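Colleague: Sharing a model that was predicted from the sequence below.
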Amino acid sequence: MGWFYRIETVWDYCLHGNMQDSIRHFDFMIMFSSLFMLSILVVQGFCQTCPTNQHVEIMETKTIYCDVGGNVEGYYWYQGSISLTQPILRLENGVKGGEKYDDDHYDITSEGNMKIINARLEQEASYTYAVIFENGTVWRRSISVLII
């Protein structure tokens, strides 16, 4: 028998040292026997720095970053909601793909960040960034990209 807990704390040295956008996550599994507590196991810990609003100038090439550390299995970028679209970019076990991967205006970095190439007004949108960890945990963030 056991219970699962998630603890989120602000961690000001997480990746870029930006306390506003940095959160440290720890998931704990607390296991009990009928007589006493046996152990506390850290199931997953990760650090993320992910600004929710990012700007790109027209015709600029810029990386839309959302740094997530931990044991990651795959990175996925969606234009809009996850439930309404297929990923425009993905990186699974080092293999790149997605609906817009072959487009001349998008790429995905080896760290899972989205690169907008020669930005156009039609790339201004709300994107959803999803990360799947090796233990099956899914984390996601909505990011607004404004083309100026």
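Modeller: Good, I have the coordinates.

Colleague: what number of residues lie near the closest residue in space to residue 88 that isn't next to it in sequence?
Modeller: Closest residue to residue 88 apart from its sequence neighbours, by C-beta to C-beta, 6 or more residues apart in numbering: residue 100 at 4.0 Å. To be clear about C-beta, it is placed using only N, CA and C from the backbone, and glycine gets the same treatment. Per other C-beta atoms under 10 Å, the neighbour tally for residue 100 reads 19.

Colleague: So for residue 100, what's the pLDDT?
Modeller: For residue 100, the pLDDT comes out at 96.

Colleague: In three-state terms, label it for me.
Modeller: Classification of residue 100 using DSSP: H, G, I helix; E, B strand; the rest coil returns coil.

Colleague: Name the helix or strand for residue 144, please.
Modeller: According to DSSP states H and E, residue 144 maps onto strand 138-147.

Colleague: Please point out which parts of that strand sit buried.
Modeller: For strand 138-147, burial by neighbour count (16 or more other C-beta atoms under 10 Å) applies to 139, 141, 143, 145, 147.

Colleague: which secondary structure elements does that strand contact?
Modeller: With contacts taken as 3 or more C-beta pairs under 8 Å, 6 or more residues apart in numbering; DSSP states H and E, strand 138-147 sits against strand 37-49, strand 53-56, strand 125-133.
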